[in-house]
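[1] turn this into a structure:
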Amino acid sequence: MSADLEHSSGPAGQSVANDYDSFAEAYAAETESNLINGYYTRPAILDLAGDVAGRRILDVGCGAGPLLAALRDRGAIVTGIEPSAKMLDLTRQRLGDDTALHQGGLGGDPLPFPDAAFDDAIACLVLFGKRSRTSHTLCP
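    The predicted structure is shown next:
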């Protein structure tokens with residue numbers, strides 16, 4: 001899997017905008033350590049994941065990447081997919097250019113990965129919607 005940021009495109013190859021692009025930095029700052037995400041949901045997900053050393057983990061709707069960072073710090077081989085280009089920019093700033101990050105909608109189309117590419121997948125408080133063809137991440 002390439003570490004290159006892949007862009008989804010709309011008609012005539014135009015880049016598709018995402019609602020989170022307009023407030024990605026503010027959203028990431030607010031949810032980074034708030035009570036629900038920082039002290040309940042993210043620690044609970046990490047506890048449920050258990051020993052992730054050497055496991056290939058996909059974070060669906062990775063947001064700005066704090067869960068990806070925590071999983072990588074625990075030895076996981078991480079990949080993130082997120083519809084918002086701005087959120088992925090924040091993830092790349094956090095994790096560096098060598099992390100596999102993909103921009104893609106999460107609204108019903110198959111994800112761009114081969115079968116058995118991952119040992120585990122996490123979709124932490126991600127709302128999927130077929131109508132809008134996008135997702136809304138509540139837990140970055």
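[2] in the lengthiest helix in the chain, what's buried?
    Secondary structure of the chain per DSSP state H: the longest helix is helix 85-95. For helix 85-95, the neighbour count (16 or more other CB atoms under 10 Å) marks 85-92, 95 as buried. In this view, the C-beta of every residue, glycine as well, is placed from N, C-alpha and C.
[3] distance of the spatially most central residue of the chain from Arg72?
    By CA atoms, centre = their mean, the chain has its centre lying nearest to Cys62, at 1.5 Å. Applying CB to CB, to the nearest Å, the value for Cys62 to Arg72 is 11 Å.
[4] check Leu101 too.
    For Leu101, the distance to Arg72 (CB to CB) stands at 12 Å.
[5] can you map out the strands along the protein?
    Ranges of strands within the chain are 56-60, 77-82, 100-103, 120-122, 126-128, 135-137, based on DSSP state E.
[6] paired strands for the longest one, with orientation please.
    When you say that, I think you mean strand 77-82. strand 56-60 (parallel), strand 100-103 (parallel) (DSSP bridges).
[7] below-threshold pLDDT in this structure: ranges please.
    Applying pLDDT under 70 to the chain flags residues 1-18, 127-140.
[8] for the longest helix of the chain, packing partners?
    helix 24-32, helix 66-73, strand 77-82, strand 100-103 (3 or more CB pairs under 8 Å, 6 or more residues apart in numbering; DSSP states H and E).
[9] of Leu101 and Arg72, which one has the most company?
    More crowded of Leu101 and Arg72, by other CB atoms under 10 Å: Leu101, with 26 against 18.
[10] tell me the bridge partners for the more buried one.
    On the basis of DSSP bridges, Leu101 is bridged to Gly80.
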